[in-house]
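Colleague: Turn this into a model:
(chains A and B)
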Amino acid sequence: MVRSEQKPFEEILDYLEGTKKVFILGCDGCAQASQTGGWPQVLEMKERLEGAGKEVTGCTVVDFLCQKALVASRLRPLEEQVMAADGVLILTCGIGVQAASAVIKRPIFPGCNTVPLGGTRGEWMGAERCLECGDCLLYWTGGICPLTACSKGLINGPCGGASNGKCEVSKEKDCGWELIYQRLKELGQLHRLKKFIAPKDYNKMRPRPEILSTSLWALEQRD
Amino acid sequence: MAFKEALQSGKFTVTAEVGPLKGTDTTEVLEVAELLRGKVDGVNVTDQQSAVMRLGSLVTCHLLIQKGLDPIFQMTCRDRNRIALQSDLLNAHVLGIKNVLAITGDYPTLGDHPDAKAVYDIDSVQLVWTINRMNQGYDLAGNELQGKTDFFVGAVVTPITDTEAAFELQLIKMEKKIEAGARFFQTQAVYDVDAFARFMKRAEGFGVPILAGIIPLKSVGMARYMNKNVAGVFVPEHLIEEMSKAEDKAQRGLEIAARLIKDLKDLCQGVHIMAIGWEKKVPEILELAGLA
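Modeller: Numbering: from 1, shown residues only, chains lettered A, B, ... in the order given. Sure thing, here's the model as predicted:
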């Protein structure tokens, strides 16, 4: 899941300055779940653009804009509408915009910002977060991740900035380290906090090369 | 006597803090240096204090050495990754800086560039550990140094907290810092001597010298502001009342600071005076405390 939010309409209009005819492309995957690029948002955008004096040559929503072969096949019957436009406004995440841009032969305009998941998996209902750090520390911290529970991602203890158990970054946020302390205390395992954790290998947070090279597009190109 | 020697001689040691200003004007800092020379054992130079961008600690420490003072180079983990931190430590050694204080650093949103990317590549315990490694002739990655550092490494601790968890965590982290190589501690400001005594009961067994933090009160408003906004600072109501009744509030603030120093003298190994704009009054505080 990738989360997105629509850019302010003024920013979209700024992009479109000098562009008269627009095709709007939405996504029925994550952008639909984020309520930024499903059919309702695409139709709403069409209305707003027309209200701003633009001509919308057509619009559609593809199941997953991140799948280039799918985008290409779905746009084929609409080719005339797409090519009649001066540009295509794409309402989806950064991956969808990049994938769609690779197959659309018109100038493109991103209509959304992709926002951080912060270690969630999108619409995850719990408070748990995972940064995929590649070197799990949960043994030392009672099953509460210091990288995500602490605003600074400190792994050897708190900074001293908390007030009444709340983080210096936001009074709405619990100090992750105080949560860790309470959990370990309940478990009788406070001694785990005494372990010195060496500097992390942040290289482990970069995607592995084998993951980078296994895009569907690469597979699609193979045959 | 230099800071390290003063602390190791068993003398009640005094350090003061100076904060460089925003810009290239060093007049104020150099004036303060003149006034502090011979009056304090060491001078901390803050590192982009409160996440507000200013002249750096490294260069200011260098200027203080030229003025005959022994600076304590404060380093936060907020703005530099492990490469830049280590390089600045090498720079500091070459500039003749002897003491370093390792700190996490306030989050950027607390300062005047709230959009800045926070680094925190390594944390304060790891920074202490890294400095110790460099003292032994190796960098963090284990590579040998052509010429090692020789720093007297310190760290900070908040002795008075508002939750049990925060208190215990401070002690646990303090022990980790000592194991990583911290040889002295400077604390957050103390106004409650009894609460500080409770902390010392737990911490004195660690056998590492502790300098209690002193922030002279300038006004009732400042006391209330710190109680509301500064983590780990608690000004008791009776002190606020004493300030509000005083005719000359500024003078009373200095007297309270001096009184706190006297009361803390038997509990710890020194005091660290963070005057926050009142640096020029530090000699007067020390005189009132009988330390001049």
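
Colleague: List, one by one, the residues from chain A near chain B.
Modeller: Applying Cβ under 8 Å from any Cβ of the partner chain, one finds that chain A approaches chain B through A:151-165, A:168-169, A:175, A:177-178, A:181-182, A:185, A:190, A:193-194, A:196-199, A:202. For every residue, glycine as well, the C-beta is placed using N, CA and C.

Colleague: Those residues, buried ones only, as a ChimeraX selection?
Modeller: Selection of the buried residues among the residues of chain A next to chain B in ChimeraX, burial being defined by 16 or more other Cβ atoms under 10 Å in any protein chain shown:
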select /A:151,152,153,154,155,156,157,158,159,160,161,162,163,165,168,169,175,177,178,181,182,190,193,197,199
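
Colleague: So which of the residues of chain A next to chain B belong to strands?
Modeller: Counting by DSSP state E, the residues of chain A next to chain B place none of their members in strands.

Colleague: what's the pLDDT at residue 137?
Modeller: No chain in the question, so chain A it is. Listed pLDDT for A:Leu137 reads 94.

Colleague: wait, I meant chain B there
Modeller: The predicted structure lists B:Gly137 with a pLDDT of 98.

Colleague: Does it touch B:Glu144 like I think?
Modeller: Yes: using Cβ atoms under 8 Å, B:Gly137 is in contact with B:Glu144, at 6.2 Å.

Colleague: So which of these two has more stuff around it?
Modeller: Neighbours per residue (other Cβ atoms under 10 Å in any protein chain shown) separate B:Gly137 from B:Glu144, with B:Gly137 holding more: 13 against 8.

Colleague: In contact with the residue lying closest to that one once chain neighbours are set aside, which residues?
Modeller: The shortest distance from B:Gly137 to any residue other than its chain neighbours is 3.9 Å, reached at B:Lys148 (Cβ to Cβ, 6 or more residues apart in numbering or on different chains). Applying Cβ atoms under 8 Å, 6 or more residues apart in numbering or on different chains to B:Lys148 gives the contacts B:Met134, B:Asn135, B:Gln136, B:Gly137, B:Tyr138.

Colleague: Most neighbours out of those residues, which is it?
Modeller: Result: B:Met134 is most packed of those (other Cβ under 10 Å), 22 neighbours.

Colleague: Quick check: what element follows the longest helix anywhere in chain A along the chain?
Modeller: Looking across chain A with DSSP state H, the single longest helix is helix A:39-51. Using DSSP states H and E, the next helix or strand after helix A:39-51 towards the C-terminus is strand A:55-62.

Colleague: domains of chain A?
Modeller: For chain A, the structural domains run A:3-115, A:129-223, going by automatic domain parsing.

Colleague: hey, which of the ones you listed is tucked in deepest?
Modeller: domain A:3-115 (a mean of 18; mean count of other Cβ atoms under 10 Å in any protein chain shown).

Colleague: before we move on, the earlier item: remind me what the longest helix of chain A packs against, helices and strands.
Modeller: With contacts taken as 3 or more Cβ pairs under 8 Å, 6 or more residues apart in numbering or on different chains; DSSP states H and E, helix A:39-51 sits against strand A:21-27, strand A:55-62, strand A:87-91.

Colleague: The stretch 1-150 of chain B: helices as residue ranges?
Modeller: B:3-9, B:27-36, B:57-66, B:82-94, B:124-135 (DSSP state H, counting those that start in this stretch).

Colleague: Mind putting those into CSV with distance to chain A?
Modeller: Rendered in CSV, the data for the helices of the stretch 1-150 of chain B read as follows (distance: least, Cβ to the nearest Cβ, whole Å):
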stretch, distance to chain A
helix B:3-9, 22
helix B:27-36, 26
helix B:57-66, 18
helix B:82-94, 6
helix B:124-135, 4
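
Colleague: any weak-confidence spans in chain A?
Modeller: Along chain A, segments meeting pLDDT under 70 span A:122-124, A:210-223.

Colleague: circling back: looking at the helices of the stretch 1-150 of chain B, which is buried most?
Modeller: helix B:124-135 comes out most buried of these by mean count of other Cβ under 10 Å, with a mean of 25.

Colleague: What separation do you get for the closest residue to A:Leu138 other than its chain neighbours and chain B?
Modeller: Excluding the flanking residues, the one nearest A:Leu138 by Cβ to Cβ, 6+ apart is A:Cys145, at 6.3 Å. Applying Cβ to the nearest Cβ, to the nearest Å, the value for A:Cys145 to chain B is 15 Å.

Colleague: hang on, A:Cys145 packs against A:Cys130?
Modeller: Yes: with contact defined as Cβ under 8 Å, A:Cys145 counts as touching A:Cys130 (6.5 Å).

Colleague: hey, what's in contact with both of the two?
Modeller: What both A:Cys145 and A:Cys130 touch, as defined by Cβ under 8 Å, 6+ apart, is the set A:Gly119.

Colleague: starting at the chain centroid, how far to stretch A:131-150?
Modeller: 21 Å (Cα atoms, centre = their mean, to the nearest Å).

Colleague: Other residues contacting that stretch?
Modeller: Contacts for stretch A:131-150 (Cβ under 8 Å, 6+ apart): A:118-119, A:128-130, A:153-155, A:158-159, A:167, A:174-177, A:179-180, A:183-184, A:187, A:189, A:192-193, A:195, A:197, A:200-201, A:204-205.

Colleague: what is in contact with B:Gly137 and B:Glu144 at once?
Modeller: By Cβ under 8 Å, 6+ apart, no residue touches both B:Gly137 and B:Glu144.

Colleague: and the residue of chain A positioned farthest from its centre, what does it touch?
Modeller: In chain A, the greatest distance from the average C-alpha position (Cα atoms, centre = their mean) is reached by A:Gly188, at 38.4 Å. Listed by Cβ under 8 Å, 6+ apart, A:Gly188 has no contact partners.

Colleague: Against chain B, how distant is it?
Modeller: Distance from A:Gly188 to chain B, by Cβ to the nearest Cβ: 14 Å.

Colleague: do A:Pro110 as well
Modeller: 21 Å.

Colleague: Repeat that for A:Gly51.
Modeller: Counting by Cβ to the nearest Cβ, the gap from A:Gly51 to chain B is 33 Å.

Colleague: ditto for A:Ser73
Modeller: Distance from A:Ser73 to chain B, by Cβ to the nearest Cβ: 41 Å.

Colleague: start to end distance for stretch B:155-172?
Modeller: By Cα to Cα, to the nearest Å, the extent of stretch B:155-172 from end to end equals 13 Å.

Colleague: got a list of what residue 161 touches?
Modeller: All of this is about chain A. So A:Gly161 contacts A:Cys167, A:Glu168, B:Thr104, B:Asp106, B:Tyr107, B:Ala231 (Cβ under 8 Å, 6+ apart).

Colleague: Correction: the question concerned chain B.
Modeller: B:Thr161 touches B:Phe167, B:Gln170, B:Gly232, counting by Cβ under 8 Å, 6+ apart.

Colleague: Sort out which of those residues are in helices and list them.
Modeller: Short answer: the contacts of B:Thr161 in helices (DSSP H) are B:Phe167, B:Gln170.

Colleague: Among the contacts of B:Thr161, name the buried ones.
Modeller: Buried among these (16+ other Cβ under 10 Å): B:Phe167, B:Gln170, B:Gly232.
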